[in-house]
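Novice: requesting a structural model of the entry that follows:
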Amino acid sequence: MKLIGSTTSPYVRKARLVLLEKNIPHAFMVDPPSEPDSKVALFNPLGRIPALILDDGTCVFDSVVIAEYADTLNDTPILIPRGDALARMHVRRGEALADGIMDSAIVVRNERIRPAGKQEQENIDLHNSSITRTLEYIAGQLGQREWCVGDCISLADLALVAALLYLDLRQPERDWRSAHPNLAAWFNRLSTRSSVTAALAE
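Specialist: The predicted structure follows:
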């Protein structure tokens, strides 16, 4: 199978982390939809990434669906709990929080690259405040625990890694590590996993 995406998209990074963590063989094809010769729309009518092309040509999109599908392919590890509705909800909620950080960071990024006179500062402030609140909430929930949910790695952990890496890329001025030392320690430990180092190598 092939994962189509870019090296900067946090949603692509999340999907890639899931595939790597579960040791699912795949090729990573860089094809940003913003490029004039992009072929993404041939696979995903929305023209968005990530897009996972299966061996039979079926296209799976977006990152939420890719993660759900990939997690069913093997049990090592199980990233989304099965048979426990409450545990599953907590993991998917963690994913939603991380995805929300990504969503808001992208809005801020898009505003900041507009001409100065056309930027909407209220929109920037709104989404930056959302990111700040969400980081505070996640750090409070995490405490000194090893994993975001339960006693093993889950999709919530991988989604949060992807979100924090995107903040480092697009908002280097945001000192979330000093604000949340426990989250920084958690991130440093997760960053040593082979799935994360492999995803960052591209």
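
Novice: can you list the domains in this protein?
Specialist: Listed by automatic domain parsing, the domain ranges of the chain are 2-71, 85-193.

Novice: in CSV, list these along with mean neighbour count.
Specialist: Bear in mind the C-beta positions are built from the backbone N, C-alpha and C, glycine included. Output for those, formatted as CSV (neighbours: other Cβ atoms under 10 Å):
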stretch, mean neighbour count
domain 2-71, 18
domain 85-193, 16
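
Novice: CSV for the ones you listed, including mean pLDDT and distance to L79?
Specialist: As requested, the domains of the chain are arranged in CSV below (pLDDT from 0 to 100; distance: least, Cβ to Cβ, whole Å):
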stretch, mean pLDDT, distance to L79
domain 2-71, 97, 5
domain 85-193, 97, 4
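
Novice: what packs against the helix or strand containing L169?
Specialist: Here L169, judged by DSSP states H and E, is contained in helix 155-170. Helices and strands touching helix 155-170, by 3 or more Cβ pairs under 8 Å, 6 or more residues apart in numbering; DSSP states H and E, are helix 10-21, helix 63-71, helix 85-112, helix 181-190, helix 194-200.

Novice: tell me what angle the third one forms with helix 63-71.
Specialist: Same thing as helix 85-112. 140 degrees (axes from the mean of the first three to the mean of the last three Cα atoms, to 10 degrees).

Novice: could you find the closest non-adjacent residue to A70?
Specialist: Spatial nearest neighbour of A70, excluding adjacent residues (Cβ to Cβ, 6 or more residues apart in numbering): V18 at 5.0 Å.

Novice: check what pLDDT A201 gets.
Specialist: Listed pLDDT for A201 reads 84.

Novice: pretty sure G5 contacts F28?
Specialist: Yes. With contacts counted by Cβ atoms under 8 Å, G5 reaches F28, the gap being 7.2 Å.

Novice: what do those two both touch?
Specialist: Taking Cβ atoms under 8 Å, 6 or more residues apart in numbering as the criterion, G5 and F28 both touch R16.

Novice: other residues contacting stretch 142-157?
Specialist: By Cβ under 8 Å, 6+ apart, the residues outside stretch 142-157 that reach it are 18, 21, 67, 71, 77, 79-81, 87, 90-95, 97-98, 138, 141, 160, 182-183, 186, 189-190, 193.

Novice: centroid-wise, who is the farthest residue in this structure?
Specialist: Largest separation from the mean C-alpha position in the chain: G117, at 31.2 Å (Cα atoms, centre = their mean).

Novice: contact partners for that residue?
Specialist: No contacts exist for G117 under Cβ under 8 Å, 6+ apart.

Novice: wasn't it part of a helix?
Specialist: Yes. Secondary structure assignment places G117 in a helix (DSSP: H, G, I helix; E, B strand; the rest coil).

Novice: from V107, how far out is it?
Specialist: Distance, G117 to V107, by Cβ to Cβ, to the nearest Å: 18 Å.

Novice: isn't the residue nearest to A70 up against V196?
Specialist: No. Checked against Cβ under 8 Å, the pair V18 and V196 is beyond contact range at 11.7 Å.
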